[in-house]
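Chemist: quick one: sequence and predicted model below, then my questions.
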Amino acid sequence: MPEVRFGSTNPDSIEREVRRLREMGLVESRHFTVKMPEEGRYGYVYIRREGLAYVSWLSVHGSGEQQKLAAEFVKYILQRAEEEGDDVYEKAKKIVEKGRAGGS
């Protein structure tokens, strides 16, 4: 599984990404995990496979702003996966397609 992770030493950056995920409808501990930066060390937001599948589902079946945010996020994740190579892209694409179809 390709890893979907955002890391930063800036707590505000981590909090911003957490807010964005929550606005899309993702739930901490269920769809993603968070570790806040401490003493200059990196913190991160890690999106689980279930979270990627769910946000993919929301990108098709969500409504209003939630659907828009989810669609933009999925597009971004697939672009980044493609940059990482064919293998990573195919794995991410498979999860996204399954999620869009309702198989999350």
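Modeler: In hand now; what should we look at?

Chemist: other SSEs contacting the helix or strand containing residue 94?
Modeler: Secondary-structure assignment from DSSP states H and E places residue 94 in helix 86-100. Contact analysis of helix 86-100 by 3 or more C-beta pairs under 8 Å, 6 or more residues apart in numbering; DSSP states H and E lists helix 49-61, helix 64-84 as its packing neighbours. Every residue, glycine included, has its C-beta placed from N, CA and C.

Chemist: any chance of those helices in a markdown table, plus mean pLDDT, distance to residue 102 and mean neighbour count?
Modeler: Below are the helices and strands packed on helix 86-100 laid out as a markdown table (pLDDT from 0 to 100; distance: least, C-beta to C-beta, whole Å; neighbours: other C-beta atoms under 10 Å):
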| stretch | mean pLDDT | distance to residue 102 | mean neighbour count |
| --- | --- | --- | --- |
| helix 49-61 | 94 | 6 | 21 |
| helix 64-84 | 93 | 14 | 15 |
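
Chemist: need the ones you listed in TSV (columns: distance to residue 12).
Modeler: Formatted as TSV, the helices and strands packed on helix 86-100 follow (distance: least, C-beta to C-beta, whole Å):
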stretch	distance to residue 12
helix 49-61	22
helix 64-84	19
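
Chemist: quick one: which of the ones you listed is nearest residue 26?
Modeler: Smallest distance to residue 26 across these (C-beta to C-beta): 5.3 Å, for helix 49-61.

Chemist: what helices and strands are in contact with that closest one?
Modeler: helix 11-24, helix 64-84, helix 86-100.

Chemist: in the shortest one, what's buried?
Modeler: Neighbour counts over helix 11-24 (16 or more other C-beta atoms under 10 Å) mark 14, 17, 18, 21, 24 as buried.

Chemist: these: which two are farthest apart?
Modeler: 14 and 24, at 16.1 Å, using C-beta to C-beta across these.

Chemist: centroid-wise, who is the farthest residue in the protein?
Modeler: residue 39 (25.7 Å; C-alpha atoms, centre = their mean).

Chemist: give the contact list for the residue nearest to residue 93 when sequence neighbours are not counted.
Modeler: Using C-beta to C-beta, 6 or more residues apart in numbering and skipping the chain neighbours, the partner closest in space to residue 93 is residue 78 (6.5 Å). Applying C-beta atoms under 8 Å, 6 or more residues apart in numbering, we find residue 78 in contact with 89, 92, 93, 96.
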